[in-house]
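Colleague: starting from these lines, generate the structure:
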Amino acid sequence: MPAAPVLREIVRQHAEMAAFLWTVYDYHLLHPDENPDMDEVRITRLVARLEAHLDGLRVAGEEGRKIAQERYDEFPEAGELFVLRMLSTNNPIPIFELQLDRVRAYLAQNLPRG
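Modeller: Numbering: from 1, shown residues only. The predicted structure follows:
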C-alpha cells in the first residue's frame, strides 16, 4: 500500500503550533503568577494540543522532521529547537514527564548565540 501524501502546509502548521505551544507552556511554568487564568485544566488542554501537533509531525515521518528543521533554520528559537529534539527520538517522552531543567539546559546549550 503506498504511503499517504504529506500535505506540507498542514505539517508546517503542526511544526509552528508545536513550537508556539511549547513556548507558552514553558513560559507559564517559569512565571506562573503572570496569567491567573492558566489553571490546571487549561494547562492540560495546552499540553494535549502540543502533543497532538507533535504527533502530526511524527505521522509525516521524515518529511515532518525536515519541515521542522526548515522552521528551525528560519527561526532558530527555543520552541523550534524543542520540536526538533522531540522528533529525534523513537520513544517520545510525554510532555508532563519531561525533566524540564534538562530540557531547558539542552535548549540553552544548543541555540545559536547572538
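Colleague: can you tell me how far residue 94 sits from residue 70?
Modeller: For residue 94, the distance to residue 70 equals 26 Å [C-beta to C-beta, to the nearest Å]. Glycine gets a C-beta too; all of them are placed from N, C-alpha and C.
Colleague: these two: which is more packed in?
Modeller: Shown here are residue 94 and residue 70; by other C-beta atoms under 10 Å, residue 70 has more neighbours (14 against 8).
Colleague: got the CA positions of the helix or strand harbouring that one in CSV?
Modeller: Residue 70 belongs to helix 62-74 when assigned by DSSP states H and E. Coordinates of each C-alpha in helix 62-74 appear next as CSV, following Å, rounded to 0.1, in the frame of the first residue of the first chain:
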residue,chain,number,x,y,z
GLU,A,62,11.0,12.0,7.7
GLU,A,63,9.1,14.8,5.9
GLY,A,64,7.8,16.1,9.2
ARG,A,65,11.3,16.2,10.6
LYS,A,66,12.5,18.0,7.5
ILE,A,67,9.8,20.6,7.8
ALA,A,68,10.5,21.1,11.5
GLN,A,69,14.2,21.6,10.5
GLU,A,70,13.2,24.2,7.9
ARG,A,71,11.2,26.0,10.6
TYR,A,72,14.2,26.0,12.9
ASP,A,73,16.6,27.1,10.2
GLU,A,74,14.4,30.1,9.5
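Colleague: which outside residues touch it?
Modeller: Helix 62-74 is contacted from outside by 6, 8, 11-12, 14-16, 19, 56-58, 60, 80-81, 83-84, 87-88, using C-beta atoms under 8 Å, 6 or more residues apart in numbering.
Colleague: ok, now how distant is residue 21 from residue 90?
Modeller: Counting by C-beta to C-beta, the gap from residue 21 to residue 90 is 22 Å.
Colleague: oops, could you answer that again for residue 9 instead?
Modeller: 26 Å.
Colleague: ditto for residue 61
Modeller: For residue 61, the distance to residue 90 - C-beta to C-beta - is 12 Å.
Colleague: who has more neighbours out of those two?
Modeller: residue 61 (13 against 5).
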